[in-house]
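Undergrad: Sharing a model prediction with you, sequence too.
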Amino acid sequence: MSQSSATLFVLSTIKIRPGKMPDFCELMPRLVAIMEAQGWRLLGALTNLGGRINVVVDIWQIPDANALPSGLVALMASLEWPNISRALAETVEDEVIQLMSRLPFDPGRIPDHCS
């Protein structure tokens, strides 16, 4: 399978500032709408029940590798960006963004496309 036809994902691991989870949850629907307009699709938004507290994991599906930088550029070009940026600075301590692809043993993999 060529990388260009592979399903790609963005894994965003976000450390939320103490006491700011409600503010973050209120903010995210606005950000999700902007990213989904760029072809991103939020597959899951999760938080932990044990271990390190105040961690959020978002799993996005994107159409291709170029959608990662172009989606972030579109977010920053949005008219809402100044308010979103300010709110993120107040609620997010740290974020790690990773471009991911499926492994052959992933249960969501379509069997015809295993190489």
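TA: Nice, I can see it.

Undergrad: can you give me the helices for the chain?
TA: For the chain, applying DSSP state H gives helices covering 21-36, 67-77, 81-91.

Undergrad: what pLDDT, on average, does the second one get?
TA: When pLDDT is averaged over helix 67-77, the result is 97.

Undergrad: just use 14 as the starting number from now, easier for me
TA: With the count now opening at 14, the last piece we talked about shows up as helix 80-90.

Undergrad: quick one, it and helix 94-104 angle?
TA: If you take axes from the mean of the first three to the mean of the last three Cα atoms, to 10 degrees, helix 80-90 sits at 100 degrees to helix 94-104.

Undergrad: try the longest one
TA: Interaxial angle, helix 34-49 versus helix 94-104 (the same axes, to 10 degrees): 140 degrees.

Undergrad: Show me what helix 34-49 is packed against.
TA: Other elements packing on helix 34-49 under the criterion 3 or more Cβ pairs under 8 Å, 6 or more residues apart in numbering; DSSP states H and E are strand 54-60, helix 80-90, helix 94-104. Placement of C-beta: from N, CA and C, glycine included.

Undergrad: sorry, back to before: could I get the helices of the chain in CSV, plus columns for distance to residue 19 and mean neighbour count?
TA: Formatted as CSV, the helices of the chain follow (distance: least, Cβ to Cβ, whole Å; neighbours: other Cβ atoms under 10 Å):
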stretch, distance to residue 19, mean neighbour count
helix 34-49, 20, 16
helix 80-90, 13, 15
helix 94-104, 30, 14
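
Undergrad: export these to a markdown table and tack on distance to residue 59?
TA: Listed next are the helices of the chain as a markdown table, based on distance: least, Cβ to Cβ, whole Å:
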| stretch | distance to residue 59 |
| --- | --- |
| helix 34-49 | 12 |
| helix 80-90 | 20 |
| helix 94-104 | 17 |
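
Undergrad: Which one of these lies nearest to residue 116?
TA: helix 80-90 (19.2 Å; Cβ to Cβ).

Undergrad: Give the burial count for residue 59, as a bare number.
TA: Residues lying near residue 59 (other Cβ atoms under 10 Å) number 10.

Undergrad: so it touches residue 69, yeah?
TA: Yes. Applying Cβ atoms under 8 Å as the test, residue 59 and residue 69 come out as touching, 7.0 Å apart.
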